[in-house]
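A.B. asks: Any chance you can model this:
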Amino acid sequence: MVLLQPTYFSPIIQYVAIANSKEIIFEVEDNFQKQTYRNRCYIYTANGKHSLNVPIQHNKGIKQKTKDIKIDYKDDWHKIQLKTLETAYSSSPFFEFYIDDLKPVFEKRYNYLLDLNLKCHEFVMDALQLEIPTSKTLEFTKKPNYLDARNLAIAKPEKIFNLENYFQVFNANHDFISNLSILDLLFMEGSNSLNYLENQKTNF
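C.D. replies: Numbers count the residues shown, from 1 in each chain. All right, here's what the predicted structure looks like:
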């Protein structure tokens, strides 16, 4: 059993935790924090590591629970991000295999960040052909009595995880970049992605 933050196209390390667990509990009762993967992910472009950010509506000076955070659609960020993914990964081995199922995630407008992140998770689990019982927290607990991996949602300062290398489209330009969005692994490894995740030895 593992406790995780619902994040935006989560970093690979989060799916290492998921692939090696028998049950997932998503934290939904915590306060929203900046500098996390809750509303960002990182991909590999021709220019190197690139951040995709989901704009959120801010209530200055007021703490909000993550589940109450609303998405800001003033700009067509979702359309821009889809084009960025197409530019970055169109030549990857498995981009065409996944893109038709991925597009609806970007085309739909979600009021709440939590709903978007859970939809991203649903897409990834389908792509991995992985079924694991999933629930949500009913209250916030600092020290749960099962594996607490909520820290995997922290984006800055960046943590280094000992993940195995796999081929990436722009390896020749920037070498291997570890722990990008799970999308990077899917586009590059396809059906082998689950095997990769299950065989990582990283400690959380």
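A.B. asks: May I have the phi/psi pair for the residue in the chain sticking out farthest from the centre?
C.D. replies: The centre of the chain is farthest from one residue, residue 61, which by C-alpha atoms, centre = their mean lies 27.3 Å away. When read as degrees, to the nearest 10, the backbone of residue 61 gives phi 80, psi 0.
A.B. asks: what separates it from residue 35, distance-wise?
C.D. replies: For residue 61, the distance to residue 35 equals 18 Å [C-beta to C-beta, to the nearest Å]. All C-beta spots, glycine's among them, are computed from the backbone N, C-alpha and C.
A.B. asks: for residue 132, same thing?
C.D. replies: From residue 132 to residue 35 the distance is 28 Å (C-beta to C-beta).
A.B. asks: so who does residue 3 touch?
C.D. replies: When contacts are counted by C-beta atoms under 8 Å, 6 or more residues apart in numbering, residue 3 touches 25-27, 137, 144, 146-150.
A.B. asks: next structured bit after whichever helix in the chain runs longest?
C.D. replies: Longest helix of the chain, by residue count under DSSP state H: helix 113-128. Per DSSP states H and E, the first helix or strand lying C-terminal to helix 113-128 is strand 134-136.
A.B. asks: Name the next helix or strand downstream of that following strand, please.
C.D. replies: That would be, after strand 134-136 and using DSSP H and E, strand 147-148.
A.B. asks: Lovely, talk soon.
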